[in-house]
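Peer 1: Need a 3D model of the following:
(chains A and B)
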Amino acid sequence: MKKVTTTVWTMVTVFLLAGCVGGKPHLENINELMPDEVILVGRIELVPPLEKVEQELNTIGSGRFQGKVHMLVSEQQFDLDKLPMSAGSHTLFVNFDQDFYIRQPRVKNLHYSGSVVLMESTQRFGGVDAAQMKLPGGLSYTIPANQKAVYIGTVRYYRDDYNAITKIRFVDDYKTANKSFIKKFGKKYKLVRAKVSQSKS
Amino acid sequence: MLQRNLIRILLLTILLATAGCSTTPSLDEPEGNQPSMIYGHIDMEDAPCKLGWVTMKQMRPKTDKPYYNFWIDEGTFFRINVPPGTYKFDEFGGAPRFGNTIYTFSFPDQGKGEMDRQIKRQGLYYVGSYKYKKIKTRFWQQGKFDLEKTKGPSEKEILQKILPYAKHPFWIKKINERLKQLGA
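Peer 2: Purely as a prediction, here's the structure:
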């Protein structure tokens, strides 16, 4: 049995627990959007959905991770098993099953390297016991030039009883997302689809 | 989680205070509709500590008290009254005879491991015998380990080791039935 793991005494989820909780800023008011920024609109889903009882978040401040996920969406590509300390600043810190609206400096391309869910953060002798659920990525988005609101779609993950990911679906739910976008921000900017492709690694 | 930490604190206190002594396992009255027993063995000869504890997590049905602890007897671990469900081994560890370092080794957070079981009906569930192997890492890297499957101790030998702890006729009968199947 090849069962290579790491000891728990050192912190596993350093970047997640080191204050890099927030990720890229969410947009609340359309007038806050800067000239060199775009809005990323999308969603991440987990099937079956994450239940509150599954996340053991008992350390100070870890409650902020309840029902949330860090999506690595960046110009850079990352290996989920070798995340640098700076990875937190490349994430979208969002709720599962809800559309997100994220401020992103304008770039030509973005890569989705995967996501990390904090499943456990508990204090114990001399350290923190941490566990994660990793959701693989591998998508690239081409951001349309001269557009301010960019739809990057829904990534839907299916899992088994052991939290192994059994299937991944990219879902284009533009119509629904656009309705919600107009309801929240009005018609100042038109929501436009990003071109989605598989990342070349 | 609080429950697991309290149990761990208690276990460690006992471990450190008694320096080698341990509570005596006792397979008493079965509880629940379909109480199962889970058992296996980890040879810790190459590990920095003896086997002091093993914990297993209930994945389905979901519960706010998902952790199960095991009795330990020289590398053999066993636990009774496990209800039907899906289980994943969470971690194991122990303290060395001398020194105050406590070692914990965690199983992967995701995916079904070789020891993990789905219990659908009452029974005795053998999860295997393994040997701890340390994997070389650079000094600044986290420690890594592997559990290699071994031929011994066999299921029969493990059950023969557990049998004296069976106090209730239910467990004595179940273990003897299984031993008979194994040719004992």
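Peer 1: helices or strands up against the longest helix along chain A?
Peer 2: Across chain A, the longest stretch assigned as helix under DSSP state H is helix A:174-185. Secondary-structure packing of helix A:174-185 (3 or more CB pairs under 8 Å, 6 or more residues apart in numbering or on different chains; DSSP states H and E): strand A:37-47, strand A:100-105, strand A:149-159, strand A:191-193. C-beta coordinates here come from the backbone N, C-alpha and C atoms, glycine included.
Peer 1: Repeat the analysis, applying 6 Å as the threshold.
Peer 2: Contacting helix A:174-185 under the criterion 3 or more CB pairs under 6 Å, 6 or more residues apart in numbering or on different chains; DSSP states H and E is no other helix or strand.
Peer 1: With only the CA atoms kept, save that helix in CSV.
Peer 2: Provided in CSV are the C-alpha atoms of helix A:174-185 (Å, rounded to 0.1, in the frame of the first residue of the first chain):
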residue,chain,number,x,y,z
TYR,A,174,-24.7,32.3,-18.7
LYS,A,175,-28.4,33.0,-18.8
THR,A,176,-29.0,32.6,-15.1
ALA,A,177,-25.7,34.3,-14.2
ASN,A,178,-26.5,37.3,-16.4
LYS,A,179,-29.9,37.7,-14.9
SER,A,180,-28.4,37.8,-11.4
PHE,A,181,-25.6,40.1,-12.6
ILE,A,182,-28.1,42.7,-14.0
LYS,A,183,-30.2,42.4,-10.9
LYS,A,184,-27.2,43.2,-8.7
PHE,A,185,-25.3,45.7,-10.8
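Peer 1: What mean pLDDT does that helix get?
Peer 2: Taken as a whole, helix A:174-185 has a mean pLDDT of 98.
Peer 1: Ok, stretch A:99-110 next?
Peer 2: For stretch A:99-110, the mean confidence score works out to 97.
Peer 1: what about the helices in the chain?
Peer 2: Just so you know, I chose chain A. Using DSSP H, helices in chain A cover A:14-17, A:174-185.
Peer 1: actually it's chain B I care about, not the one you picked
Peer 2: Using DSSP H, the helices of chain B run over B:2-18, B:155-162, B:169-181.
Peer 1: between the shortest one and helix B:169-181, how big is the angle?
Peer 2: Put simply, helix B:155-162 runs at 150 degrees to helix B:169-181, going by axes from the mean of the first three to the mean of the last three CA atoms, to 10 degrees.
Peer 1: Using PDB, write out every CA atom in helix B:155-162.
Peer 2: Extracted C-alpha coordinates of helix B:155-162, given in PDB (Å, rounded to 0.1, in the frame of the first residue of the first chain):
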ATOM      1  CA  GLU B 155      -6.000 -12.300  10.800                       C
ATOM      2  CA  LYS B 156      -6.100 -15.500  12.800                       C
ATOM      3  CA  GLU B 157      -3.200 -14.500  15.000                       C
ATOM      4  CA  ILE B 158      -4.700 -11.100  15.600                       C
ATOM      5  CA  LEU B 159      -8.100 -12.600  16.600                       C
ATOM      6  CA  GLN B 160      -6.300 -15.100  18.900                       C
ATOM      7  CA  LYS B 161      -4.700 -12.100  20.500                       C
ATOM      8  CA  ILE B 162      -8.000 -10.300  20.900                       C
END
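Peer 1: From the chain's centroid, how far away is that helix?
Peer 2: 14 Å (CA atoms, centre = their mean, to the nearest Å).
Peer 1: helices or strands up against that helix?
Peer 2: Counting by 3+ CB pairs under 6 Å, 6+ apart, helix B:155-162 packs on strand B:76-82.
Peer 1: which residue sits closest to residue B:47, ignoring its sequence neighbours?
Peer 2: residue B:132 (4.3 Å; CB to CB, 6 or more residues apart in numbering or on different chains).
Peer 1: doesn't residue B:44 make contact with the one you found?
Peer 2: Yes. At 5.1 Å, residue B:132 counts as touching residue B:44 under the criterion of CB atoms under 6 Å.
Peer 1: Residue B:180 - how many residues pack around it?
Peer 2: 9 (other CB atoms under 10 Å in any protein chain shown).
Peer 1: Enumerate every residue touching the residue nearest the centre of chain B.
Peer 2: Nearest to the geometric centre of chain B sits residue B:77, at 3.8 Å (CA atoms, centre = their mean). Contacts for residue B:77 (CB atoms under 6 Å, 6 or more residues apart in numbering or on different chains) come out as B:40, B:54, B:70.
Peer 1: Give me the nearest residue to it, chain neighbours excluded.
Peer 2: residue B:70 (4.0 Å).
Peer 1: what's the answer for residue A:188, then?
Peer 2: Closest to residue A:188 by CB to CB, 6+ apart is residue A:30, at 5.4 Å.
Peer 1: Same question for residue A:185.
Peer 2: Leaving out its chain neighbours, residue A:185 is closest to residue A:30 (CB to CB, 6+ apart), at 4.3 Å.
Peer 1: looking at it, the one you found is touching residue A:191, isn't it?
Peer 2: No. Using CB under 6 Å as the test, residue A:30 is too far from residue A:191 to be in contact (11.7 Å).
Peer 1: who's more crowded, these two?
Peer 2: Counting neighbours by other CB under 10 Å for residue A:30 and for residue A:191 shows that residue A:191 has the greater number, 20 against 17.
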